[in-house]
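Trainee: With the input below, show me the fold.
(one chain, ligands or ions: 1)
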Amino acid sequence: MGGQAAGRNRSGGLIDMRHTLIKSATVISMDAGIGDLSTGDVLVENGRIAEVGPGIDLGSGATETEIVDGQGRIVIPGLINAHMHTWQTALRGYAANWTLLEYFRRMHAGLATVFRPEDIYIATLVGALNQINCGATTLVDWCHNNPTPDHTDAAVRGLIESGIRAAFFHGSPKPEPKPGEPHFSEIPHPRHEVERLLAGPLADRNGLVALGLAILGPHYSTLDVAMHDFRLAREFNLIASMHQGGGPPKTPGGWEKLIEAGLVGPGVNIVHGNDLPDDLLQRGGCWSGASVPRSGSISNPCWPAASSPPRASRCRCSARSTMRRRARPAAPFRPRPRYLCARRCAG
Ligand SMILES: [Zn+2]
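Mentor: As a prediction, the model looks like this:
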């Protein structure tokens, strides 16, 4: 071990300030200018990749750098997990045979309602660390259990403290309405929470953790709410992400109406949009997230996955062959590539 100790990035997450040289590994750079190296080195300085190439010469800095023997190992850019409900980390294994309706009733109207902010925090922290451990250095956290600002801030804190690069998609809870209360599909995304987050914990648009909106969209909300939420995301220049599919839509023809209103474009990310017609997606110019179609039995399509590296970028689902066949390219977030061996991510 040489060099300096850990530091903190602008968002408060940990940065490995040491210099590390991974030597003599097979390097898959995914960079046309570098190519793939059957034997190559990767130099990491202060949490950033400083150089990739064959036989990097450290010169006088050699004594300050940790050397990692990469022989027999493959170095690849960090994987991007484009969709996970990280607050559900402690619930892995539940609901594999639930229908979607059971999931809504037992999860969103049941288990989700007893989560305290500290439960959200530890689940998000552990879930994000597990992602790093499995090779995913960037995570889209589709957080939809935010009944109070304290719950939201707890999730953001868990992400920041993990050190992972993340898009925090702020969502809304889905409890059973009490008498006199509106159904969740009739509740617009809270503007005051967006303003609060952008003025406080997620004010740094270039920080390791950035804000997006996990909205209901036309499949799960009224047209008025969908229009409001799309406009809200556009006003603040935020990605609007929403689930699609699973039973009949709340707003039939909603996508056509949103497209006619000029509200659909590159900042729109659709989850489970596999069954939307190609021409609609092309007209909208939006993204359909790489995911699986929702079916009668949900088999945890959006739940925390990845207990080992080969699973890191997959949804856990009983329809993997279907996923491979039908998945579409996705993820509007395209951060800089990071390397598996650089476990701590820096800004
Ligand atoms: Zn999901």
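Trainee: The stretch 201-347 of the chain: strands as residue ranges?
Mentor: Secondary structure of the stretch 201-347 of the chain, counting by DSSP state E, counting those that start in this stretch: strands at 209-214, 240-243, 268-271, 287-288.
Trainee: Can you lay out the ones you listed as CSV showing distance to Gly53 and mean neighbour count?
Mentor: No exception for glycine: its C-beta is placed from N, CA and C like everyone else's. What follows is the strands of the stretch 201-347 of the chain, written out as CSV (distance: least, Cβ to Cβ, whole Å; neighbours: other Cβ atoms under 10 Å):
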stretch, distance to Gly53, mean neighbour count
strand 209-214, 31, 24
strand 240-243, 37, 26
strand 268-271, 35, 27
strand 287-288, 34, 23
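Trainee: least reliable of the ones you listed going by mean pLDDT?
Mentor: Note on these: lowest mean pLDDT is at strand 287-288, with a mean of 65.
Trainee: Tell me the predicted confidence for Ser318.
Mentor: At Ser318, the pLDDT value in this model is 25.
Trainee: one step back: generate TSV for the strands of the stretch 201-347 of the chain, with distance to Pro147 as supplementary columns.
Mentor: TSV is the format used below for the strands of the stretch 201-347 of the chain (distance: least, Cβ to Cβ, whole Å):
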stretch	distance to Pro147
strand 209-214	14
strand 240-243	19
strand 268-271	21
strand 287-288	28
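Trainee: Which one of the ones you listed lies nearest to Gln71?
Mentor: Proximity to Gln71 (Cβ to Cβ) singles out strand 209-214 among those, at 35.2 Å.
Trainee: related to what we said a few turns ago, between the strands of the stretch 201-347 of the chain, which one is nearest to Asn146?
Mentor: strand 209-214 (8.8 Å).
Trainee: list the helices and strands the closest one packs on?
Mentor: Where contact means 3 or more Cβ pairs under 8 Å, 6 or more residues apart in numbering; DSSP states H and E, strand 209-214 is packed against strand 136-143, helix 149-162, strand 165-170, helix 191-199, helix 223-235, strand 240-243.
Trainee: Compile these into CSV and extend it with columns for distance to Thr26.
Mentor: Formatted as CSV, the helices and strands packed on strand 209-214 follow (distance: least, Cβ to Cβ, whole Å):
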stretch, distance to Thr26
strand 136-143, 19
helix 149-162, 28
strand 165-170, 24
helix 191-199, 41
helix 223-235, 41
strand 240-243, 35
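Trainee: Could you say which one of those comes nearest to Ala214?
Mentor: Nearest of the helices and strands packed on strand 209-214 to Ala214, taken as Cβ to Cβ: strand 165-170 at 3.9 Å.
Trainee: gap between Arg105 and Asn269?
Mentor: Arg105 sits at a distance of 26 Å from Asn269 (criterion: Cβ to Cβ, to the nearest Å).
Trainee: Equivalent analysis for Gly135, please.
Mentor: Distance, Gly135 to Asn269, using Cβ to Cβ: 22 Å.
Trainee: Now do the contacts for Lys174.
Mentor: 104, 108-109, 112, 144, 184 (Cβ atoms under 8 Å, 6 or more residues apart in numbering).
Trainee: where does the stretch 201-347 of the chain have low pLDDT?
Mentor: The model of the stretch 201-347 of the chain has pLDDT under 70 over residues 287-347.
Trainee: one more time with 50, if that's ok
Mentor: 290, 295-301, 304-347 (pLDDT under 50).
Trainee: Show me the helices in it, by range?
Mentor: 217-220, 223-235, 254-260, 278-284, 320-326 (DSSP state H, counting those that start in this stretch).
Trainee: so which of these comes closest to Thr65?
Mentor: Closest to Thr65 of those, according to Cβ to Cβ: helix 320-326, at 40.7 Å.
Trainee: Count the residues that sit near Lys257.
Mentor: Lys257 has 16 neighbouring residues, counting by other Cβ atoms under 10 Å.
Trainee: Quick check: it touching Leu223?
Mentor: Yes - look at Lys257 against Leu223 with Cβ atoms under 8 Å: they come within range, at 6.1 Å.
Trainee: any common contacting residues for those two?
Mentor: Common contacts of Lys257 and Leu223, defined by Cβ under 8 Å, 6+ apart, comprise Thr251.
Trainee: For Gly212, which residues are in contact?
Mentor: Counting by Cβ under 8 Å, 6+ apart, Gly212 touches 140, 167-170, 233, 238-241, 269.
Trainee: ignore the last one, Ile122
Mentor: 90, 158.
Trainee: how does this protein divide into domains?
Mentor: Domain assignment for the chain, taken from automatic domain parsing, gives 7-77, 79-290.
Trainee: Tell me which of those is the most buried.
Mentor: Among the domains of the chain, the stretch with the highest mean neighbour count (mean count of other Cβ atoms under 10 Å) is domain 79-290, at a mean of 19.
Trainee: any idea how far it is from the chain center?
Mentor: Its chain's average C-alpha position is 10 Å from that of domain 79-290, according to Cα atoms, centre = their mean, to the nearest Å.
Trainee: ditto for stretch 40-50
Mentor: Here the centre of stretch 40-50 is set off from its chain's centre by 24 Å, with Cα atoms, centre = their mean.
Trainee: what pLDDT, on average, does that stretch get?
Mentor: For stretch 40-50, mean pLDDT is 90.
Trainee: distance between the ends of that stretch?
Mentor: Criterion Cα to Cα, to the nearest Å; first-to-last residue distance in stretch 40-50 is 14 Å.
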